[in-house]
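K.L.:
can you look at this prediction? I've put the sequence above it.
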Amino acid sequence: MFHDDPLGVPAVPAAAPSPAVEARLWRVRDLLLGPLLLSLGVIAGLAVVFALARSGPIDRGDPSVALVFTTETLLVEAWAGLLVLLLAARRGVSLRDLGLRTPPGWGWVMLAVVGAYGALAAYYLALFLLESVTGWDLAGLRQGNGIPEGIARTPPILVVMGLALVVAAPVGEELFFRGLCYRGLTGLTRPWIGLVVSGVAFSLVHVNLSVALPFAVIGMVFAAVYRASGSLWTSIAAHAIVNGMGFLAYLYGVAP
């Protein structure tokens, strides 16, 4: 049973894990087929990049090129979520059983957002302290995962970019890394193994060393919130808020 404070944030965790996350949905073949299908989508996106490169130097400032890149990102993120839904349909898993159900309280979203920003703050603080003590130049580890510099900012590009970052990425990545990877590993092994492995996988897919550690922690935070609430909407909403804040910072010139 949950005991909530006035803000709706659970103060005491449930005595037992949510049945929605404990029940086994996926088999080993699903955990192998999912990453394979996602890889095929990524390869298809890279093929577009290579095709552009063969036609000449890639100029992200060219609106046509920038629109291709942002659309490719949107489609890959959407594919990540779609393939999980296809696997679920094949397995006979309902959307509700997958975790697309109303959470017991939306305070879980706030906890996930605070956890995500807390992970980032702790990471950058650790880098600052390490630089201060050792004198090492760790600028390369502070670059973050921002939008590439010099990309054209026409209205169509910004619309597609916003859809990719605030809608497709939260839904697609949460379905894939929490709904499939974490949920599948939890059903086959111990929950902490699913937590760590899915978090690391979430980090690695961004292919950015400067955010590898904090993104792994954020992935674990989102998985923990999904497990505690029994609802994938909590991590989807938190993911959308974090990405949305980053996108707004980009629009208003706060971030590169």
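P.N.:
It's in.

K.L.:
and the helices in the stretch 101-250 of the chain?
P.N.:
For the stretch 101-250 of the chain, the helices defined by DSSP state H, counting those that start in this stretch cover 107-134, 155-163, 169-173, 183-188, 191-204, 212-229, 232-251.

K.L.:
hey, least reliable of these by pLDDT?
P.N.:
Lowest mean pLDDT within the helices of the stretch 101-250 of the chain: helix 183-188, a mean of 91.

K.L.:
pull the residues that contact stretch 35-48.
P.N.:
The contact list for stretch 35-48 (C-beta atoms under 8 Å, 6 or more residues apart in numbering) reads 68, 72, 73, 75, 76, 79, 80, 83, 176. For the C-beta atoms, the positions are set from N, CA and C on the backbone; glycine is no exception.

K.L.:
now with 10 Å?
P.N.:
Contacting residues not belonging to stretch 35-48 are listed as 68-69, 71-73, 75-80, 82-84, 86-87, 172, 176, 180-181, 201, 205, 207 [C-beta atoms under 10 Å, 6 or more residues apart in numbering].

K.L.:
report the buried residues of it.
P.N.:
Neighbour counts over stretch 35-48 (16 or more other C-beta atoms under 10 Å) mark 37, 38, 41, 45 as buried.

K.L.:
repeat for stretch 78-93
P.N.:
For stretch 78-93, by 16+ other C-beta under 10 Å, it's 78, 79, 80, 81, 82, 83, 84, 87, 88, 93.

K.L.:
go ahead and confirm the third one touches residue 164.
P.N.:
No - counting by C-beta atoms under 10 Å, residue 80 does not reach residue 164; the two are 11.5 Å apart.

K.L.:
now do the shared contacts for the two.
P.N.:
Jointly contacting residue 80 and residue 164 under the rule C-beta under 10 Å, 6+ apart are residue 172.

K.L.:
and residue 175, how far from residue 226?
P.N.:
In this view, residue 175 and residue 226 are 11 Å apart by C-beta to C-beta, to the nearest Å.

K.L.:
quick check: the gap between the residue positioned nearest the centre of the chain and residue 152.
P.N.:
By C-alpha atoms, centre = their mean, the chain has its centre lying nearest to residue 173, at 4.6 Å. To residue 152, residue 173 is 25 Å away according to C-beta to C-beta.

K.L.:
what's the answer for residue 74, then?
P.N.:
Distance, residue 74 to residue 152, by C-beta to C-beta: 16 Å.

K.L.:
again with residue 217
P.N.:
According to C-beta to C-beta, residue 217 and residue 152 sit 33 Å apart.

K.L.:
before we move on, what about residue 162?
P.N.:
Residue 162 is 14 Å from residue 152, by C-beta to C-beta.

K.L.:
is it correct that the residue nearest to the centre of the chain is in contact with residue 235?
P.N.:
Yes - between residue 173 and residue 235 there is a contact under C-beta under 10 Å: 9.2 Å.

K.L.:
identify the contacts common to these two.
P.N.:
Listed as contacting both residue 173 and residue 235 by C-beta under 10 Å, 6+ apart are 179, 219, 222.

K.L.:
for burial, what's the neighbour tally of the residue nearest to the last one when sequence neighbours are not counted?
P.N.:
Among residues not flanking residue 222 along the chain, residue 235 sits closest, at 4.0 Å (C-beta to C-beta, 6 or more residues apart in numbering). Using other C-beta atoms under 10 Å, the number of residues around residue 235 comes to 32.

K.L.:
cool, the one 3 residues further on as well?
P.N.:
Other residues within reach of residue 238, judged by other C-beta under 10 Å, total 26.

K.L.:
and it, what is it in contact with?
P.N.:
By C-beta under 10 Å, 6+ apart, the neighbours of residue 238 are 108-116, 170, 174, 218, 221-222, 225-226.

K.L.:
leaving out sequence neighbours, find the closest residue to it.
P.N.:
Using C-beta to C-beta, 6+ apart and skipping residues adjacent in sequence, the residue nearest residue 238 is residue 112, 3.4 Å away.
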